[in-house]
Every structure is written in C-alpha cells, then in structure tokens.
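S.K.: sequence and predicted structure, then a few things I'm wondering about:
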Amino acid sequence: MKNYFLLLSILVSCILNAQPFMVQDVNLITNAPFPPLASNYFNANSAEVFRGYNKNAWYNNWYYYAFNDGVHGNELWKTDGDTCMLVKNTHTGSFTMGNGQQNPYGINPDVLQVFNGMLYFRGEDTTNATYGLDTKLWMYDGMDVSMVHDFEYHTNLKSNLLIHNNLLYFILNDSLIAYDGNAYTALAMPSNFDLGSSHQFYLKSYQNEIYFIGGDLNDNSTAETHFKYFWKYDGTSIIKIQNNIPIQNMVGGMPVFDNNYIGEYNNQLVVVAYDTIHGQELKTFDGLNLALISDLYPGDSRGVSSDFISFQGKLLFLGNNGVHGTDLWEYDGVNINMVHNFNANDTLINLRGSFEIFNDKLYFAAIDSSLSNNIELFQYDGSQVQMVRSLFSGSDYFYNPSTLKKAGPYLYFTALDSAQGIELWRLEDCEIQNTATTNEVSCGPYWNGNEWLHDWIAIDTLMNVCNGDSILTTHYAYHPINTTVSQNGFTLTVADSSYNYQWITCDNGNAIPGAVSPSYSPTENGNYAVIFTDLISGCKDTSTCQTIVGLSVENWMKENFQLYPNPIIDQRFILSGKEVRNVSQINVYNALGQAIPFLWNKESPNSFEIELLASQKGIYYLRLLMDKEVFTFKIQQ
C-alpha cells in the first residue's frame with residue numbers, strides 16, 4: 001500500500017480580453033417589438049442612453065433586470081450568468097396596440113435599488129385600468145414580487161431610488177419620501193417647484209445633502225426657453241439654490257434634462273447644460289455656482305451629449321467639436337482631448353454611450369463604419385480603443401449593445417443578432433491573473449498512465465472559459481509508509497517504529513484496546529494487522545494481515561494443566577498436569593511482548609517449578625510449545 005503527500009501550485013494565465021457570450025435565448029421572437037430593459041419611460045435602444053437610473057441590480061448573488069420575452073411582457077428577470085429566469089409574471093393579460101397587435105402587459109421595472117436586504121424598483125400600477133398611466137414602488141424579498149403597501153395609494157414615482165444616510169429617498173407624487181423599510185416621512189415639494197406631468201428627476205447625494213434639478217414655476221419662462229435650477233434637501237427643507245445660473249433647455253432641439261442626470265468629478269457635481277452663448281456643454285457645480293468646463297463646440301450648438309463618466313482619474317464623455325461628429329473625449333481637470341475618432345469623414349453621431357467600467361476598462365457602444373455602420377461594443381483601457389468583437393475571431397456576431405452593467409464577475413448587456421433577436425449577453429472577467437498555491441494531502445497513488453513512486457512535477461495545459469490557456473503545475477512529494485510486520489513466535493513487530501500504531505483484528509476490523517505499541521502478542525488465535533499513522537503527513541495505511549495459530553483452547557487447557565499460585569508468590573509458581581511431559585519449549589513474555597528470563601526445575605514428569613527473573617509486578621504470559629501447538633497462560637505477579 002502506498003501513501004502520498006502532495007503540494008499543488010496552480011498558475012492560471014488568461015488572455016487579455018473577455019469573451020462575449022449570450023447567456024440564454026429567452027426571447028423566442030426574433031426582432032421582437034419590445035426590446036429587453038425597456039420601460040414606459042426609458043428605452044434601451046434610444047439614441048440617448050441615460051445614466052444614473054439603475055435598470056438592473058446585483059442582489060443575493062443574482063443579476064436582476066427587466067426583460068420582455070414576447071410572452072410575459074416586460075417583467076423582472078434574474079440570471080446567474082448561465083441561466084435566465086422569470087422572477088414573476090406580475091402583470092398578466094395583454095393590450096391592443098394602434099396597429100391592432102396584441103401585446104402582453106408587464107410592470108416595466110426600472111430604477112432598481114437594493115436596500116435593507118430587499119430589492120426595490122419602480123413598476124406599473126397593475127390596479128389601474130389604463131395601462132402605463134401610473135407607476136408605484138415595488139419590492140422583491142427573495143420570495144415574491146409585490147407593491148409596497150406603505151405606498152399603496154400613492155402613484156407616479158418620478159425619480160431614481162437613492163440611499164442617503166441609511167434611508168431610501170425618492171420623489172412620489174408631489175413629495176420627497178424618506179423610507180426606512182417600515183415607515184416613511186413625506187416632505188412636500190415647494191409650491192413653485194415644477195413637477196410637470198412627464199418630468200423625471202435624478203437625486204444625487206453630495207456634501208451630505210441631496211441635490212436634484214428642476215424648474216421654477218415663478219420664472220415666467222416659455223415652454224421653449226424653460227429654465228431649470230439646482231435644488232437641494234439639507235435634511236430639513238427643500239430649497240432652490242439662489243445664486244446658481246439658470247440651466248436652459250436647448251431651443252428647438254432635444255431637451256437637455258430629460259433625465260436630469262447629475263454626475264461627480266474631482267469633488268464637484270457635473271451636468272450637461274445649455275445656455276445661449278456656449279450651447280450645450282459640460283459644466284461643474286460646487287454647491288453654489290455653475291461653471292463651464294470647456295466650450296467644445298463654439299456657438300449656440302450641441303458640443304456635449306448627455307452621457308459621461310469618471311474613469312481612471314479623468315472625465316470621459318460624448319463630445320462633438322463640429323468637425324468629427326460625436327466621439328469619445330476626456331477631461332483631465334485642465335484640458336479636453338479627443339480620445340478616439342470613430343469615423344473621420346462622418347459628422348453624424350458616431351458614439352452611442354451607455355458607459356460602464358469593467359475590469360479597469362471602459363465599455364461603450366459606438367457606430368463602426370467598417371461594418372455597415374452597425375452599433376458595436378468597444379472598450380477603452382486608458383490608452384487604446386478596440387472593438388470587442390474584433391478581438392475574438394470565433395465569437396458570435398452581435399450588434400446594437402445597450403444597458404451595460406457590471407454585476408458579480410460579469411459585464412452584462414443586451415444585444416441583437418440575426419438569429420436570436422435581442423437577448424442578454426455577458427463578458428467574462430478574464431483579465432485577473434489567477435495565481436494560487438494550495439497544500440493538499442493525498443494518501444493514495446497518483447496514476448497518469450503510470451504509477452508514480454517518486455517526487456515529480458506534472459504540467460497540464462487547459463482551456464478556461466475565456467479561451468485562455470490555464471497552466472496547472474502540480475508538485476508531488478512522495479512519502480511511502482513502511483508497513484512491514486514480522487512474526488516471532490506469537491509476537492508481531494513492525495519494522496519502522498517512527499509511526500503511531502493501532503493493532504486490529506482483521507476479521508471485523510475492530511481496534512484492540514491498549515494495543516498501540518510497535519509489538520503485539522495476541523492471546524487468541526486469529527488474523528491481526530496494524531494501522532500506521534504518519535506523524536508528518538497525517539496519512540494512514542494498514543499492514544497485511546498476519547495469522548496466529550496454535551494458541552490453546554481455554555477448556556482443554558484447564559483440563560490438562562494447572563498453574564498455581566496465581567498471582568504468584570516470590571516470583572515462583574508450579575505448572576503441573578498430565579500433558580506437562582509433552583511440553584518441548586517454555587517462554588515467558590511481558591504485556592509488551594518482550595521475553596522475560598526465568599529458571600525452571602522439573603520436579604516430576606508432570607510438574608515444573610518456574611522462577612521469574614523479573615521483580616516488577618504486572619501481567620505476564622507463559623507460552624508452552626507442544627506438538628507444534630502453542631498454549632498461553634496469563635499470570636500475574
């Protein structure tokens with residue numbers, strides 16, 4: 001039998017990019033009319049992808065998102081990266097579109113937020129007969145999806161869900177709500193705050209206060225020149241910041257603050273704002289004043305779109321200088337520079353945005369003119385922009401990626417291909433170099449076509465989930481256990497005394513109480529073995545069984561031999577009986593199996609006097625050899 005102590009050292013090296021992978025073909029309708037992650041307000045495939053409104057969330061090790069599979073409508077789904085599951089078909093039934101087509105209802109979940117162990121989100125009011133008219137606060141507790149009863153009679157949730165000072169804040173109806181999961185307080189908006197019928201507001205925590213952007217009904221501006229201002233909640237009241245410059249919507253164009261998104265860079269708030277001098281540009285806000293970062297497109301023009309993000313100490317954004325179209329730009333706190341020009345001959349919008357940081361790279365969507373102007377997924381590592389799909393010659397074809405979100409080990413996004421339509425995709429987190437060393441103990445032989453009985457190193461090359469080479473290096477240190485046992489008379493002795501021992505009976509495998517020494521002298525006929533324990537590796541092994549025969553039968557011994565006195569006196573005792581004359585050899589052993597010297601005197605043909613030459617009190621065994629059989633007497637001194 002053989003035992004091994006082995007040391008495993010695992011070195012994994014991956015390729016430098018993540019492999020695109022479709023999670024599951026859930027939407028069985030190719031080019032389905034409702035894209036995943038759409039809602040009554042946010043459209044994942046629109047030209048402007050607004051930041052800040054979580055349309056997905058990581059909760060209890062699952063990625064939650066809104067999806068329309070063409071059967072259940074736009075409902076809450078979840079995935080672990082391998083399987084997609086509908087959480088609940090909350091809003092059943094269907095409605096008729098203008099073209100007469102029947103489409104399933106859905107609660108259109110968005111603005112997802114994990115708070116106090118629950119997943120909260122905004123969804124349709126399923127109690128309203130008119131679909132898409134009102135929205136309410138919903139929650140998922142890991143078991144069921146339901147409307148939050150505290151707000152059962154409140155509709156029209158008009159903001160994101162913000163966690164601030166351990167409370168959940170949002171705008172519901174005409175109030176700012178602070179909710180702790182059980183009770184809430186409602187602070188009415190000022191009477192001059194323009195809630196509007198379709199306005200959505202973005203709440204931002206900054207300097208321990210809550211900031212948001214909204215109109216003032218007292219400024220008497222027209223609909224086309226409607227001004228907006230910074231407002232804040234200081235923990236007591238909601239006030240308009242008086243000395244901030246009015247933020248004007250773009251005249252005759254798309255409103256700048258459809259989502260009123262507020263970012264942060266270098267400890268200042270960042271917004272996209274319009275004024276009649278500089279047009280639509282990036283501006284910073286320090287809590288009091290609004291300041292222009294740069295006039296990228298001089299004049300009354302749109303120099304900056306609505307998507308921007310802080311990445312590697314810089315502010316990345318969609319910019320247009322009037323020459324190259326909308327491309328990727330960056331601001332380092334002092335200067336503005338173009339990062340990448342996607343099409344030097346195209347002055348149209350080249351970049352679609354949907355920024356997300358994953359594995360220290362910035363991912364986004366952009367138009368690639370080399371592929372029939374398809375919208376593709378790109379990555380930027382701080383020095384180089386690359387199209388993700390071009391990095392993998394064997395990857396599936398997909399385009400129009402949107403709603404990028406890092407969750408757990410993956411970057412999720414939705415994308416369209418010609419076969420499955422719009423589905424959920426993921427990128428694997430493969431850039432982390434996995435190097436690990438583990439100590440393992442194996443007490444069995446290792447087979448690799450051969451049985452290895454010495455120290456050796458095995459190297460195997462595997463393919464990981466990202467098509468990267470994983471190199472497994474195993475260092476084996478061979479530590480055999482010497483299980484040799486010798487038999488001398490009726491004593492069994494191991495050859496190596498450096499282990500721990502336990503003698504057993506082979507017939508039933510039971511341990512023999514107290515038999516833990518390198519030698520053992522059985523008192524009965526039978527099969528015996530010893531279990532070895534290596535003190536270094538902890539491995540165990542068992543010797544082959546040794547057979548002991550010739551030990552007398554107790555009743556026969558009583559009839560033919562008498563031993564007295566027992567316990568013996570003065571180290572002397574008498575052995576007598578009719579079979580004594582046939583004894584050819586006498587031995588005495590102690591309890592450890594060690595031979596004890598003695599003197600004997602034959603008093604008569606059927607009687608011996610034996611004197612032990614050992615004064616120590618204890619148990620001894622007298623063994624008599626007679627006609628190739630052994631008879632053992634237990635004596636006590």
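M.R.: Sure thing, it's come through.
S.K.: for the rest of this, base every contact and every neighbour count on C-alpha atoms.
M.R.: Fine.
S.K.: got a pLDDT number for the closest residue to residue 26 other than its chain neighbours?
M.R.: Nearest residue to residue 26, sequence neighbours excluded (Cα to Cα, 6 or more residues apart in numbering): residue 69, at 6.0 Å. With respect to pLDDT, residue 69 has a value of 81.
S.K.: please apply the same query to residue 126.
M.R.: Looking at residue 126, the pLDDT reads 77.
S.K.: now do residue 367
M.R.: 78.
S.K.: just residue 470 next, same as before
M.R.: Looking at residue 470, its pLDDT stands at 53.
S.K.: again with the one 5 residues further on
M.R.: On pLDDT, residue 475 comes in at 62.
S.K.: hmm, back to that, what values do phi and psi take at the residue nearest to residue 26?
M.R.: The phi/psi pair for residue 69 (degrees, to the nearest 10) reads phi -90, psi 10.
S.K.: gap between it and residue 175?
M.R.: Separation of residue 69 from residue 175 (Cα to Cα, to the nearest Å): 35 Å.
S.K.: burial count for the residue nearest to residue 26?
M.R.: Residue neighbour count, defined by other Cα atoms under 10 Å, stands at 23 for residue 69.
S.K.: thought residue 366 was touching residue 385?
M.R.: No. Contact status for residue 366 versus residue 385: not in contact, 10.9 Å apart, counting by Cα atoms under 8 Å.
S.K.: what's the spacing between the residue nearest to residue 26 and residue 114?
M.R.: Taking Cα to Cα, one finds residue 69 at 24 Å from residue 114.
S.K.: same question for residue 496.
M.R.: Taking Cα to Cα, one finds residue 496 at 63 Å from residue 114.
S.K.: now do the contacts for the nearest residue to residue 503 once chain neighbours are set aside.
M.R.: Nearest residue to residue 503, sequence neighbours excluded (Cα to Cα, 6+ apart): residue 530, at 4.2 Å. Neighbour list for residue 530: 501-504, 542-543 [criterion: Cα atoms under 8 Å, 6 or more residues apart in numbering].
S.K.: what of residue 86?
M.R.: Contacts for residue 86 (Cα under 8 Å, 6+ apart) come out as 75-78.
S.K.: send the alpha carbons of the host helix or strand of it over as CSV?
M.R.: Element membership for residue 86, per DSSP states H and E: strand 84-88. C-alpha atoms of strand 84-88 as CSV (Å, rounded to 0.1, in the frame of the first residue of the first chain):
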residue,chain,number,x,y,z
CYS,A,84,-32.1,33.3,-17.2
MET,A,85,-35.3,33.0,-15.0
LEU,A,86,-38.5,35.0,-14.9
VAL,A,87,-38.9,36.1,-11.3
LYS,A,88,-42.7,36.6,-11.6
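S.K.: who does it pair up with?
M.R.: Paired with strand 84-88 in the same sheet, following DSSP bridges, are strand 74-79 (antiparallel).
S.K.: tell me how far residue 528 lies from residue 495.
M.R.: For residue 528, the distance to residue 495 - Cα to Cα - is 16 Å.
S.K.: so for the two, which sits in the more crowded spot?
M.R.: Between residue 528 and residue 495, residue 528 has the larger neighbour count (other Cα under 10 Å), namely 22 against 13.
S.K.: what mean pLDDT does stretch 298-306 get?
M.R.: Mean pLDDT, stretch 298-306: 75.
S.K.: err, stretch 140-152, not the other one
M.R.: According to the model, stretch 140-152 has a mean pLDDT of 85.
S.K.: in that stretch, which residues are buried?
M.R.: 140, 145, 147-148 (16 or more other Cα atoms under 10 Å).
S.K.: in stretch 107-122, what's buried?
M.R.: So for stretch 107-122, counting by 16+ other Cα under 10 Å, buried means 107-115, 119-122.
S.K.: before we move on, what about stretch 167-175?
M.R.: Within stretch 167-175, the residues scored as buried using 16+ other Cα under 10 Å are 167-175.
S.K.: now swap in stretch 569-578 and tell me
M.R.: For stretch 569-578, by 16+ other Cα under 10 Å, it's 571-577.
S.K.: would you mind measuring the gap between the ends of that stretch?
M.R.: Terminal residues of stretch 569-578 lie 24 Å apart, using Cα to Cα.
S.K.: what does that stretch contact?
M.R.: Here stretch 569-578 makes contact (Cα under 8 Å, 6+ apart) with 560-566, 606-615, 637.
S.K.: following the record's annotation, map out the domains of this structure.
M.R.: 4-12+434-478, 485-548, 554-636 (automatic domain parsing).
S.K.: now do the longest one, average pLDDT.
M.R.: When pLDDT is averaged over domain 554-636, the result is 81.
S.K.: and what of stretch 235-246?
M.R.: What stretch 235-246 shows for mean pLDDT is 80.
S.K.: what's the answer for stretch 537-549, then?
M.R.: The pLDDT scores in stretch 537-549 average 88.
S.K.: ok, and for it, which residues are buried?
M.R.: 537, 539-546, 548.
S.K.: what of stretch 399-414?
M.R.: By neighbour count with 16+ other Cα under 10 Å, stretch 399-414 contains the buried residues 399-407, 410-414.
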